[in-house]
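okay, predicted coordinates and the sequence, questions at the end:
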Amino acid sequence: MSATSDNSELSTQNLALLAATRRDTFDLLRYTLEFADDIADADLDALVEAIAAPIVAATDCTQCARCCRALDVYLIPEDAVRLAAGLGCDVEQALAEYVDRESAAVEGEWGRLRGKPCPFLADGLCSLYAHRPESCRLYPAFTPDFRWTLEDLIPGAAVCPIIMQVLDALAARFGL
């Protein structure tokens with residue numbers, strides 16, 4: 001039985017602890033994949049997507065919302081337009097109230113929502129779900145380029161049960 005085969009275990013606050021216990025295995029997975037010449041990037045991406053698809057389908061993110069509580073939400077210009085529409089205000093007002101452009105620019109990003117948890121998280125749900133930023137729509141993103149983004153994904157296992165399960169299944173697939 002894998003460390004993450006029990007979904008109820010992942011729904012508790014123990015996810016961070018579980019991720020910490022699996023960190024060495026996930027780092028070994030990253031190292032293994034970085035030097036695996038026998039599997040092309042496109043083939044690895046296809047494998048990861050095949051592993052992730054049923055996990056994503058079986059996961060109700062609205063029952064978790066850990067990402068909304070813990071992660072920075074980076075924005076692109078189109079997100080400001082969507083947020084303004086969802087808030088019923090103009091883009092300048094949305095930017096002034098909710099977006100930190102200065103600190104995001106330091107990190108090479110266009111913008112970032114102010115504060116954690118996300119200011120639009122209400123009773124565990126996104127109050128602007130239909131107007132949410134692109135980064136929220138795509139999270140968690142495994143591909144393209146899984147092999148080269150794995151280092152950045154590994155810490156996400158402590159936040160997202162989907163990431164934890166995908167990494168755990170992939171590690172098992174490679175005998176780790």
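It's in. What you are looking at is a predicted structure, and each value in this text was computed from that prediction instead of being measured.

and the helices in the protein?
Taking DSSP state H to define them, one finds helices in the chain at 7-10, 15-34, 41-57, 66-70, 77-87, 91-98, 101-106, 134-138, 146-153, 161-173.

of all these, which one is nearest residue 114?
Comparison of the helices of the chain against residue 114 by C-beta to C-beta identifies helix 91-98 as nearest, at 5.8 Å. C-beta here means a position set from N, CA and C on the backbone, and glycine is covered the same way.

helix 77-87 and that closest one, what's the angle between them?
90 degrees (axes from the mean of the first three to the mean of the last three C-alpha atoms, to 10 degrees).

gap between the two ends of stretch 68-77?
Stretch 68-77 stretches 20 Å from its first residue to its last (C-alpha to C-alpha, to the nearest Å).

check the gap between residue 26 and residue 157 for me.
The spacing between residue 26 and residue 157, counted by C-beta to C-beta, to the nearest Å, is 7 Å.

what do these two both touch?
residue 167 (C-beta atoms under 8 Å, 6 or more residues apart in numbering).

follow-up on the earlier one: of the helices of the chain, which stretch is the most buried?
Comparing those by mean neighbour count (mean count of other C-beta atoms under 10 Å), helix 161-173 ranks first with a mean of 22.

contacting residues around the residue nearest to residue 124 when sequence neighbours are not counted?
Nearest in space to residue 124, with sequence neighbours left out and distances taken as C-beta to C-beta, 6 or more residues apart in numbering, is residue 65 at 5.1 Å. Residue 65 makes contacts with 121, 124, 125, 126, as judged by C-beta under 8 Å, 6+ apart.

run a quick neighbour tally on the last one.
If you count neighbours by other C-beta atoms under 10 Å, residue 126 ends up with 19.

wait, what's in contact with the residue nearest the centre of the chain?
Most central in the chain under C-alpha atoms, centre = their mean is residue 140, positioned 3.3 Å from the mean C-alpha point. Residues near residue 140 by C-beta under 8 Å, 6+ apart: 67, 153, 156, 160, 162, 163, 166.

need the max-distance pair from those residues.
67 and 166 (14.4 Å).

could you pull out the buried residues of stretch 105-119?
The neighbour-count check on stretch 105-119 (16 or more other C-beta atoms under 10 Å) flags 109, 111, 112, 113, 117, 118 as buried.

just those: which are in strands?
Taking DSSP state E, the ones among the buried residues of stretch 105-119 that sit in strands are 111, 112, 113.

who does the second one bridge with?
Per DSSP bridges, residues listed as beta-bridge partners of residue 112: residue 74, residue 100.
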